[in-house]
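K.L.:
predicted model follows, preceded by the sequence.
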Amino acid sequence: MGSDSFLEASSVSKHYGGVTALEDVDISIHRGEVHCLVGENGSGKSTLVKIITGVVTPESGASLGIEGEIHSSLKPIQAYKKGIQVVHQDLSMFPNLTVAENIGAVQYIEKGRLFVNWGRIKARARDAFDRLGVDFDLQTRLGDLSLADQQLIAIGRALASDARLLIMDEPTASLTQEEVERLFGIVRELKRGGVTTLFISHRLDEVLEIGDRITVLRNGKKIDTVERSETDKNEISYLMTGKEVEYEYNLEPYQEDETVLNVENLTDGGHYSGVSFELARGEVKGIIGPLGSGQTQLALSLFGLNPPEGGRINLEGEEVELSSISRAMDLGIGYVPDDRLTQGVVLEQPIDDNLILTSLERFTDRKTGLLDRDRQAEFVGEAVKEFDIKIGDPEDPAISLSGGNQQKVVVAKWVSIEPKILIMNRPTHGIDIAAKGNIYDLIAELAAGGMSIVLISDEVDEIMQNSHNIMLMKKGKIVDRRKPDELSSEGLYQELTSSKMEQQ
Amino acid sequence: MISTELLKRTEFYLLIVILIISAVLSIVTEQFLTFSNWFDLLRNNSFLGILALGELVILISGGIDVSFTATATVAQYIMGIVISRYVGNLFLAFLIPGVVGVALGSVNAVIIFFTGVPAVVVTIATLNAFNGFLQFTTGGKWIYNLPGSFKNFAGINMLKISRPDGWPATLSILVLFWVGAILITWLILNRTTIGRKLYAMGGNTEAARRAGFSIFRLMIFSYCYMGFLAGLASVVQAMQTQVIQPNAIVGRELDVLAATVIGGASVFGGRGSVLGTVLGVLLLAIVRNGLILLGVSSYWHKVATGMIILVAVIVMALQRKFRTESTA
């Protein structure tokens, strides 16, 4: 094993106070492989990465072997010199600087360098692009590029620093299907060039597509490292959670004859056009498509945030104009936004205040105009129980909750206004498998109670398991309508990725 | 290609606005487009121009400083006492304010870095502390008896253009300090690694930390550079007025900040240019100059300044909105 492994770590432990982050973990990363690291939130993935990159010191007794050299811990500069480079989930780039400078900025920490060598910076950037097989205008401001392109630049920067082990932390979290394919192409290309990759992801489909070997962490312990060829999705999710997770199709039939919403030929010039559909009482309508196909703009139009340019929206038989959020809310429409962190919860505010944000007037005393805290506490207690939100104190800030529980707060907040229609935009984005199951149960429950739901997602399985009817949306148009049983996951996945990758 | 690039630049619009206002003023007043008016305008604004360059560096790094007028006042007063009472040395007249400025700047940087309190709060506090301390210890006394060398130096002219009425238009040597500060600041920001690190830090501090930049050293540099320029500006101001008053400079913070922001620097960090800042100072100077030449009451100067700032930031906000929409 020793000679062909780039990194050989054993007996790695780390505790924070009484909390176990990592316990006696071993991992061996072979030279030139794509090694995937999976585990639920809080399983210790990021602590392990921090130890490998020298940001965190492991407890004594650990052994970190890099190409045969054994260390008991690493300093960031040592990890850097060994060619260990991270592409962070938030990318850690400089949006205000040019593409070239983002890649070449590493020059600035060289010893004794007072003046900038712009020629070398550009040469470095060009060199990195050659290795990636991409081409960007060097003078473009990084912030003007799409997130996916910025990520490529981040990879380019890692290569420019002679990356030999490239660690990618949830690199596909905000990418469209096509962009993921492009990224995988590049990872494979780098592999051919001898770069080792440690790929961290939630998405098991992707892990199985790109990984050579997969290491699973659970609660700070290493469960197993498996060969891709010898495993499947069920096994990995079993290893991750310790239980068999099979989401079932548990939607009940809906009232097909009772139309709640009728959208006719809705058009918003730049984003989507000619969208028509009917939504019945208790129906879950799944809309799937590559990110950026106009789903979000469509959702916002139905929520009064993006008035459409043409077409009609009929609500229970009457034509309505959705010109503002308050109008949409009055008409009984709720919206769970796709970006929980910036649009869903107020992170710094207490959980209980977050829960009543949409329904403040219900908790306001008519006479005094002041909030009735007792009534709020009562409601919060019910909501926490009903939605199974795992919280400490309701007055803790929302940021103290896990992603899945934050999302439950968002959903509970909207359900509390008892909407007729709830639009959910990527409701399980960035939350772990167990919490996903909770959200799915909730969707089924709400629909069974008569709520109509528009479920927007880019995850095939999510749509297949949680929709009565599925619409496939591409480039702003509804291109196909099916029922889940008329489709296979593979077929839908292929339809999603079928269009040719757009070149720069 | 070049033209679209140009259309995105704040400096381009600023230049157009300056040219239009100048053209109008040249037509409606006789004095505006004369050498003597322009030479005076440059001399009178050198001090603000130097301060704006310091603020530019701070804004780019993601910080903000409103204490520099107090820094300048303290630096100027200490210099004034030394050269009027003890050694009437011209070299000291420049050295002392520079050293005092750097020292007070480092006080700001250290407090901001180690407490994590927002820079605007810290520097409002130090503005009052520095200024109050000076007022208290000096009792607000003016210093008149500046040495002859100080006066003589300030009287040097770099350029003399004779005029028919016998009074030649002269370009003061004080403008040279502004020009020097422009060149040095440009060099630092665009050609040195420290300048580029400041831009990077202003764009994304966490990324800068992860890239191995020392945030502390960068903050020390930016606030000390501001302090140094505040010291230099204080000498220029004292030479221009030939008297040192503890209450002459404090109160100009917002003019300086305005000029910098009009010039395209972002209060959120990471953006701004030397050219933009110089144009921002010139725009405010020209408008003020024009209002004086037109005989408009000085109260209106503030209104005009305020309007310009409003228009400038609104235009910038619209520009940014347009930009993000076009890339979305």
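P.N.:
Yep, it's here. All values reported here derive from a predicted model rather than from experimental measurement.
K.L.:
which helices and strands sit right next to the lengthiest helix in chain B?
P.N.:
Here the longest helix in chain B is taken by residue count, with DSSP state H as the criterion, and it is helix B:299-327. The helices and strands touching helix B:299-327, judged by 3 or more C-beta pairs under 8 Å, 6 or more residues apart in numbering or on different chains; DSSP states H and E, are helix B:10-28, helix B:253-262, helix B:274-293. No exception for glycine: its C-beta is placed from N, CA and C like everyone else's.
K.L.:
export these as CSV, with columns for distance to chain A.
P.N.:
Written out in CSV, the entries for those read as follows (distance: least, C-beta to the nearest C-beta, whole Å):
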stretch, distance to chain A
helix B:10-28, 14
helix B:253-262, 16
helix B:274-293, 14
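K.L.:
turn those into TSV, columns for distance to B:Y299 and mean neighbour count.
P.N.:
As requested, the helices and strands packed on helix B:299-327 are exported to TSV (distance: least, C-beta to C-beta, whole Å; neighbours: other C-beta atoms under 10 Å in any protein chain shown):
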stretch	distance to B:Y299	mean neighbour count
helix B:10-28	20	15
helix B:253-262	15	24
helix B:274-293	10	22
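K.L.:
reformat those as a markdown table; add mean pLDDT.
P.N.:
Conversion of those to a markdown table gives the following (pLDDT from 0 to 100):
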| stretch | mean pLDDT |
| --- | --- |
| helix B:10-28 | 92 |
| helix B:253-262 | 92 |
| helix B:274-293 | 94 |
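K.L.:
about what we covered before: next one: the longest helix of chain B to chain centre, how far?
P.N.:
Relative to the chain's own centre, helix B:299-327 is displaced by 20 Å; criterion: C-alpha atoms, centre = their mean, to the nearest Å.
K.L.:
now the strands for the stretch 151-300 of chain B?
P.N.:
Under the criterion DSSP state E, counting those that start in this stretch, the stretch 151-300 of chain B carries strands at the ranges B:157-161, B:169-172.
K.L.:
of those strands, which stretch is the most buried?
P.N.:
When the strands of the stretch 151-300 of chain B are scored by mean count of other C-beta atoms under 10 Å in any protein chain shown, the highest mean neighbour count falls to strand B:169-172 (a mean of 19).
K.L.:
by mean pLDDT, flag the weakest helix or strand of chain B.
P.N.:
helix B:2-7 (a mean of 65; mean pLDDT, DSSP states H and E).
K.L.:
confirm A:I29 sits in a strand?
P.N.:
Yes. Membership of A:I29 in a strand is supported by DSSP: H, G, I helix; E, B strand; the rest coil.
K.L.:
which ones are touching the nearest residue to it once chain neighbours are set aside?
P.N.:
Spatial nearest neighbour of A:I29, chain neighbours left out: A:L7 (4.4 Å); criterion: C-beta to C-beta, 6 or more residues apart in numbering or on different chains. With contact set as C-beta atoms under 8 Å, 6 or more residues apart in numbering or on different chains, A:L7 has these partners: A:I27, A:S28, A:I29, A:I52, A:L64, A:G65, A:I66, A:L165, A:T196.
K.L.:
check residue 89 and give its pLDDT.
P.N.:
Went with chain A since none was named. According to the predicted model, the pLDDT of A:Q89 comes to 82.
K.L.:
oops, chain B please
P.N.:
The predicted structure scores B:N89 at 88 on the pLDDT scale.
K.L.:
list the contacts of it.
P.N.:
Under the criterion of C-beta under 8 Å, 6+ apart, the neighbours of B:N89 are B:I83, B:S149.
K.L.:
equivalent analysis for A:N41, please.
P.N.:
With contact taken as C-beta under 8 Å, 6+ apart, A:N41 is in contact with A:S402, A:G403, A:G404, A:I431, A:D432.
K.L.:
any idea which of the residues you listed is closest to A:Y108?
P.N.:
Sorting the contacts of A:N41 by how near they are to A:Y108, with C-beta to C-beta, puts A:G403 at the top with 35.0 Å.
K.L.:
ok, and the closest non-adjacent residue to that closest one?
P.N.:
Nearest residue to A:G403, sequence neighbours excluded (C-beta to C-beta, 6+ apart): A:I431, at 4.3 Å.
K.L.:
ok, the one you found touching A:Y440?
P.N.:
No. Because the distance of 11.3 Å does not satisfy C-beta atoms under 8 Å, A:I431 is recorded as not touching A:Y440.
K.L.:
about what we covered before: A:E179 is nearest to which of the helices and strands packed on helix B:299-327?
P.N.:
Evaluated over the helices and strands packed on helix B:299-327, closeness to A:E179 peaks at helix B:10-28, with 32.3 Å, by C-beta to C-beta.
K.L.:
what packs against that closest one?
P.N.:
Secondary-structure packing of helix B:10-28 (3+ C-beta pairs under 8 Å, 6+ apart): helix B:274-293, helix B:299-327.
K.L.:
try it again at 6 Å.
P.N.:
Secondary structure elements in contact with helix B:10-28, counted by 3 or more C-beta pairs under 6 Å, 6 or more residues apart in numbering or on different chains; DSSP states H and E, are helix B:274-293.
K.L.:
which parts of chain A belong to which domain?
P.N.:
With automatic domain parsing as the criterion, the domains of chain A are listed as A:32-60+A:74-241, A:255-344+A:419-497.
K.L.:
mind checking the pLDDT average for whatever helix or strand A:A299 lives in?
P.N.:
Secondary structure here is read from DSSP states H and E; on that basis A:A299 sits in helix A:295-302. Over the span of helix A:295-302, the pLDDT mean works out to 90.
K.L.:
inside strands: which ones of the contacts of A:N41?
P.N.:
Among the contacts of A:N41, no member falls in strands (DSSP state E).
K.L.:
will you turn these into a markdown table that also has pLDDT, distance to B:L53 and neighbour count?
P.N.:
Shown next, in a markdown table, are the contacts of A:N41 (pLDDT from 0 to 100; distance: C-beta to C-beta, whole Å; neighbours: other C-beta atoms under 10 Å in any protein chain shown):
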| residue | pLDDT | distance to B:L53 | neighbour count |
| --- | --- | --- | --- |
| A:S402 | 75 | 48 | 16 |
| A:G403 | 76 | 45 | 16 |
| A:G404 | 78 | 50 | 22 |
| A:I431 | 76 | 49 | 22 |
| A:D432 | 71 | 51 | 19 |
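K.L.:
list the contacts of stretch A:308-323.
P.N.:
Residues lying outside stretch A:308-323 but in contact with it, judged by C-beta atoms under 6 Å, 6 or more residues apart in numbering or on different chains, are A:261-269, A:301, A:304, A:307, A:328, A:331.
K.L.:
sort out which of those are buried, if you could.
P.N.:
Neighbour-count burial (16 or more other C-beta atoms under 10 Å in any protein chain shown) is assigned, among these, to A:L261, A:N262, A:V263, A:L266, A:D268, A:S301, A:G304, A:A328, A:L331.
K.L.:
and the longest strand for chain A?
P.N.:
In chain A, assigned by DSSP E, the strand with the most residues is strand A:255-268.
K.L.:
run me through the strand neighbours of that one, direction for each.
P.N.:
Strand pairing for strand A:255-268, determined by DSSP bridges: strand A:272-281 (antiparallel), strand A:310-315 (antiparallel).
K.L.:
packed most tightly, which of those would that be?
P.N.:
Between these, strand A:272-281 has the highest mean count of neighbours, a mean of 18, where neighbours are mean count of other C-beta under 10 Å.
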